[in-house]
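Student: I'll drop the sequence and a predicted model, then ask my questions.
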Amino acid sequence: MTLSLITDRRQEDVEYLLSLIAKGWDGMTGAEQTAFNTQLKGAYNYTDFNRVESAVAYLLPIFADAGYVITTTTKTDWVADDYVTLAEATRYLYNITQIRNAFTYLSTTPASPASLAALNYSSANNIEQILLDAEMLIAKLVAAFFYSGELYLGEVF
Amino acid sequence: MITVSDAWKALHLGQLLPEAYVEVSYYITEPGLVDDVTSSATGGAAFSKADQIKDFSLRSEPMFATFENNAWVLNGKYNFVPSPTPFTGDVGYVSDAVSLSDLTFTANPLLTLQLGSVHAAAIPGITITFAPDRNEWATDFIVRVYNGASLLLTDTVTGNTESVSVRDITGIEDYDKITVEIVKWSLPDRYARIMEIALGLKQVYTKAELFGYEHTSSGNLASAELPKNSIQFKLDNTDGRWNPSNPTGLEQYLIERQTISVRYGFKINGSIEWVKVGTFYMSEWDTPSNGLEATFTARDSLEFMGAIYNGTRSGTLAAIATAALTQAGISSTLYSLHANLSAITVNFTADTTAYTISDILQMCAHAAECVIHQTSTGVITIAPLNTFTSDYAITQFNSFTFPEYTLSKELKSVSVNSDLGTAVNGVTGEILTSDNPLIETEAIANAVATWLVGIYGDRRVLKGNFRPDPRAEVYDKITVTSKYATDVIYLTQIKYTFNGAFRGEYEGRVMA
């Protein structure tokens, strides 16, 4: 499995969404109404939560197999009727922070956001970039085991 | 000290301040009307608080992150529902079901404002604040006014495009219930939200409309007099809206004690952080017929306690202060009394002097070694001076001039109630006398005398002009750095003026 995450949100996405909201439904064109009914990149929807939490759930056993055991919980069944409590937001970000702190990352890997409050497009990108880098690095780390000499005790080459 | 964010504090350490704001909200309504209103709603989200919507509170929506489609905008303004519930804080009404694809609701949200009695006075209108922070509103809604089961008025609104809607229901009298039914929302898949339904007109004046603004507050550390807290603002009157002879003008609705709320703001990281400064009550206005400006003065609730006290004259100071505040019409949620007042019992029934309510409160505070002030959230508090030195400092960096020192007269001693209690400060100087009929025992008199020596023992009074952080309030304990020294003072006077930016004057007393 290769993670498919979103890291290309831009300020323009946010401004576009805000402009649609300001118009109200009756002020939007047909094309804008169609766009508004999709899940726009300028917003954080329950599908974003499910995608990120699913990615965390996918990575945790890989990390564990590599010796990086992270004890945490994930929730991958968020629905539109849900709302985010402080406890859930704390747990959500804790998972990202634990993965980010598990080992040394690339110099380009962003830091985990300090808080999920006041989330902006950049922080949302950073969360998913951390997970992409984690997937890439843990794969290289596991592969490196095989390059570094004996795979099993007593092997002779 | 008004609570602000760390970002607010940090920006005041910079050379340049970002854009500053003052917002004055004036509520044209029947004084005291809101106290007779109970608000409720059908349904509501788990975190909805329909009971909050009945007043003009300058409530800011907490912007909870909810998962309606595209509702949580990635602009850094959203927050989380505190857990566990219930929690304190402003929320307003949030429906329990979202709008459908045609913007209607399966069941229309219905909000009700029930008055405790039939009100005869006409109201100039009704102001409905939907969700301005989200830029959402009800496009279609119905306002109904009742007297019992009789429907007096139906105001059906369609095609609204404002997040704050002012409905003209002029002339409605003898009513006891108002309902607002939300029929359509501005967006599909959204909870209906209402922050306020205010019975009256809400006029909001920002710095674009304010021709001048001053906020003056003062306090006495020994409760020798009541604190004063007032604002004065000037509005554009070139269109004659405040002209007394204008039959459609607003001057006809001006009534003493109408509520005025003020908040200050600074632009921080692209958005404005607001802080409530206080609730004031219309006191005076000058609206000359040919004037280009109309000037208004409003004061805090302590200014309106001149009635003769008729409550109990025996019991604890807390009981007496409670009786005084109750007589003044202050609800129990709007005052706070320190435990010191419960520890002292007095009986001055033999004293037939006609004291005012304000006299009683002042004497209670003085006898209990407390000060009185009204907080920025409108709560009258009687409590000892805060001993915590705040993180705010007036330094050479934010002063326009070095602070000026003046010396009060040297204090030799304090005499309370004709030497019932005394305390000595030195061998020379004047004797400070204090007379308070609520101090009846030698022990309390001595304690109060010692307390007064602590206040007036140091003769130094500082004052100056500064670039203020307007979160500073009277009675705050702050540090002031002069050319040669750093002193800790209690602020006793502050004046903020705003002409696009804040400028401040302060005075405070050094206390050991």
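Tutor: It's in.

Student: can you list the residues of chain B near chain A?
Tutor: Counting by C-beta under 8 Å from any C-beta of the partner chain, chain B comes close to chain A at B:45, B:47, B:64-84, B:98, B:103, B:134-137, B:139, B:159, B:161, B:186-189. Any C-beta I mention is one placed from the backbone N, CA and C, and that applies to glycine too.

Student: same for the strand ranked longest in chain B, what does it pack against?
Tutor: Secondary structure of chain B per DSSP state E: the longest strand is strand B:271-286. With contacts taken as 3 or more C-beta pairs under 8 Å, 6 or more residues apart in numbering or on different chains; DSSP states H and E, strand B:271-286 sits against helix B:6-11, strand B:20-28, strand B:228-236, strand B:259-268, strand B:293-299.

Student: return the set of buried residues in the longest helix anywhere in chain A.
Tutor: Secondary structure of chain A per DSSP state H: the longest helix is helix A:121-147. By 16 or more other C-beta atoms under 10 Å in any protein chain shown, the buried positions in helix A:121-147 come out as A:121, A:123-135, A:137-138.

Student: coming back round to it: tell me which residues of the longest strand of chain B are tucked away?
Tutor: The neighbour-count check on strand B:271-286 (16+ other C-beta under 10 Å) flags B:273, B:275-283, B:285 as buried.

Student: any idea how far the most centrally placed residue in chain A is from B:Pro62?
Tutor: Nearest to the mean C-alpha position of chain A, counting by C-alpha atoms, centre = their mean, stands A:Glu128 at 3.1 Å. Distance of A:Glu128 to B:Pro62, given as C-beta to C-beta, to the nearest Å: 26 Å.

Student: residue boundaries of the helices in the chain?
Tutor: Because you didn't say which chain, this covers chain A. Using DSSP H, helices in chain A cover A:11-23, A:30-36, A:46-65, A:86-100, A:121-147.

Student: sorry, should have said chain B
Tutor: Assigned helices in chain B, in chain order: B:6-11, B:317-327, B:357-367, B:442-456 (criterion: DSSP H).

Student: may I have the phi/psi pair for the residue in the stretch 301-450 of chain B positioned nearest to chain A?
Tutor: Here the stretch 301-450 of chain B gets closest to chain A at one residue, B:Asp391, 20.9 Å apart by C-beta to the nearest C-beta. Phi and psi for B:Asp391, reported as degrees, to the nearest 10, are phi -80, psi 0.

Student: residue 43: neighbour count?
Tutor: Using chain A here. Using other C-beta atoms under 10 Å in any protein chain shown, A:Ala43 has 25 neighbouring residues.

Student: wait, chain B
Tutor: Around B:Gly43 there are 17 residues (other C-beta under 10 Å).

Student: burial count for the residue of the stretch 251-400 of chain B found nearest chain A?
Tutor: As assessed by C-beta to the nearest C-beta, chain A sits closest to B:Asn269 within the stretch 251-400 of chain B, at 8.5 Å. Neighbour count of B:Asn269, defined by other C-beta under 10 Å: 13.

Student: the helices of chain B: which one's closest to B:Ser165?
Tutor: Judged by C-beta to C-beta, the one of the helices of chain B that comes nearest to B:Ser165 is helix B:6-11, at 31.2 Å.

Student: check the offset of that closest one from the chain's centre.
Tutor: Chain-centre distance of helix B:6-11: 22 Å, with C-alpha atoms, centre = their mean, to the nearest Å.

Student: just checking, what packs against it?
Tutor: If you count contacts as 3+ C-beta pairs under 8 Å, 6+ apart, helix B:6-11 packs onto strand B:259-268, strand B:271-286.

Student: and among the helices of chain B, the most buried is which?
Tutor: Comparing these by mean neighbour count (mean count of other C-beta atoms under 10 Å in any protein chain shown), helix B:357-367 comes out on top with a mean of 25.

Student: take the helices and strands packed on helix B:6-11 and write them to CSV, including distance to B:Arg460 and mean pLDDT.
Tutor: As requested, the helices and strands packed on helix B:6-11 are exported to CSV (distance: least, C-beta to C-beta, whole Å; pLDDT from 0 to 100):
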stretch, distance to B:Arg460, mean pLDDT
strand B:259-268, 30, 90
strand B:271-286, 29, 87
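
Student: tabulate these in JSON lines, adding columns for distance to A:Asp26.
Tutor: Shown next, in JSON lines, are these (distance: least, C-beta to C-beta, whole Å):
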{"stretch": "strand B:259-268", "distance to A:Asp26": "31"}
{"stretch": "strand B:271-286", "distance to A:Asp26": "27"}
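
Student: what are the contacting residues of stretch B:140-157?
Tutor: Stretch B:140-157 has contacts (C-beta atoms under 8 Å, 6 or more residues apart in numbering or on different chains) with B:118, B:126, B:128, B:138, B:158-160, B:165, B:167, B:169, B:172, B:174-184.

Student: which PyMOL command selects the buried ones in those?
Tutor: Of the contacts of stretch B:140-157, the buried ones can be selected in PyMOL as follows, counting by 16+ other C-beta under 10 Å:
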select buried, chain B and resi 126+128+138+160+165+167+169+172+175+176+177+178+179+180+181+182+183+184
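
Student: hmm, B:Asn465 is touching B:Thr401, no?
Tutor: Yes. With contact defined as C-beta atoms under 8 Å, B:Asn465 reaches B:Thr401; the gap is 5.3 Å.

Student: output the lowest mean pLDDT helix or strand found in chain A.
Tutor: helix A:121-147 (a mean of 89; mean pLDDT, DSSP states H and E).

Student: for the chain, which spans come out with low pLDDT?
Tutor: Using chain A. Across chain A, the ranges flagged by pLDDT under 70 are A:1, A:146-157.

Student: um, chain B though
Tutor: For chain B, the ranges with pLDDT under 70 are B:55-59, B:84-88, B:248, B:252-253, B:512.

Student: which residue is most remote from the mean position of it?
Tutor: Largest separation from the mean C-alpha position in chain B: B:Val427, at 44.6 Å (C-alpha atoms, centre = their mean).

Student: so who does that residue touch?
Tutor: Contacts for B:Val427 (C-beta under 8 Å, 6+ apart) come out as B:Lys412.

Student: quick check: the residue of the stretch 401-512 of chain B nearest chain A.
Tutor: Of all residues in the stretch 401-512 of chain B, B:Arg471 sits closest to chain A, at 20.4 Å by C-beta to the nearest C-beta.

Student: please report phi then psi for that residue.
Tutor: Dihedral angles of B:Arg471 (phi, psi; degrees, to the nearest 10) stand at phi -80, psi -10.

Student: not counting sequence-adjacent ones, nearest residue to it?
Tutor: B:Ile2 (4.1 Å; C-beta to C-beta, 6 or more residues apart in numbering or on different chains).

Student: ok, the one you found to A:Ser115 distance?
Tutor: Taking C-beta to C-beta, one finds B:Ile2 at 23 Å from A:Ser115.

Student: these two: which is more packed in?
Tutor: Regarding B:Ile2 and A:Ser115, a neighbour count based on other C-beta under 10 Å identifies B:Ile2 as having more, with 19 against 12.

Student: the more buried one against B:Ser376, yeah?
Tutor: Yes. With contact defined as C-beta under 8 Å, B:Ile2 counts as touching B:Ser376 (4.9 Å).

Student: overlap of the contact sets of those two?
Tutor: B:275-277, B:473.

Student: could you identify the most distant pair in those?
Tutor: The most widely separated members of the shared contacts of B:Ile2 and B:Ser376, counting by C-beta to C-beta, are B:Lys276 and B:Glu473 (11.9 Å).

Student: need the overlap of contacts for those two.
Tutor: By C-beta under 8 Å, 6+ apart, B:Lys276 and B:Glu473 have these common neighbours: B:2, B:376.

Student: give me the residues contacting stretch A:56-71.
Tutor: With C-beta under 8 Å, 6+ apart as the criterion, stretch A:56-71 contacts A:1, A:3, A:72, A:74, A:76, A:95-96, A:98-99, A:102-103, A:131, A:134-135, A:138-139, A:141-142.

Student: repeat that with 10 Å
Tutor: If you take C-beta atoms under 10 Å, 6 or more residues apart in numbering or on different chains as the criterion, stretch A:56-71 is touched by A:1-3, A:72-76, A:92, A:94-96, A:98-99, A:101-103, A:127, A:131, A:134-135, A:138-139, A:141-142, A:145.
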